[in-house]
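Participant: Sequence plus the predicted model coming up.
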Amino acid sequence: MILKIRLLNDLKYVGIPIDFNLVIKPFSKRYNGRYDPNSRTVILYRYEDSECTIKIDYNTLLETLVHEAVHHYQWVHDINFKREKGTMHDSNFYYIYNKWIERLTVKVG
């Protein structure tokens, strides 16, 4: 729970909308994080291995959360966003992601 609060506070601190559900799960073979637009839920995976012995470091989790938060932002807040089949990341996605990562680097450290 402390990890979840810290992650959300870091996003909030730099002005990234946090109007989504954040769920932290142990492990996924395929993903570091996921966004479900139907439930407005971001899922982060905490461990690198199925035995849950190798934690993913905080900065990597934060960057993954920013990545998924951009998906949320595009689905919910960007009135010009149109999902194109087969394209998960358009040029605007990368623009927003890089801008938010830069804010985090400057303000959070």
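Facilitator: Thanks, I have the structure now.
Participant: Disregarding flanking residues, what is the spatial nearest neighbour of D49?
Facilitator: Nearest in space to D49, with sequence neighbours left out and distances taken as Cβ to Cβ, 6 or more residues apart in numbering, is F27 at 6.8 Å. Quick note: C-beta positions are derived from backbone N, CA and C, even for glycine.
Participant: ok, so what distance separates the residue sitting nearest the centre point of the chain from K82?
Facilitator: The structure's the chain has its C-alpha centroid closest to L65; by Cα atoms, centre = their mean the separation is 2.1 Å. For L65, the distance to K82 equals 24 Å [Cβ to Cβ, to the nearest Å].
Participant: Okay, buried residues for the lowest-mean-pLDDT helix or strand in the chain please.
Facilitator: Across the helices and strands of the chain, mean pLDDT, DSSP states H and E gives its lowest value to helix 91-107, namely a mean of 92. The neighbour-count check on helix 91-107 (16 or more other Cβ atoms under 10 Å) flags 93, 96-97, 100-101, 103-104 as buried.
Participant: Relative to Y58, which of these is nearest.
Facilitator: L104 (11.7 Å; Cβ to Cβ).
Participant: ok, the closest residue to S39 other than its chain neighbours to T53 distance?
Facilitator: The shortest distance from S39 to any non-neighbouring residue, by Cβ to Cβ, 6+ apart, is to N21 (6.7 Å). As defined by Cβ to Cβ, N21 lies at a distance of 27 Å from T53.
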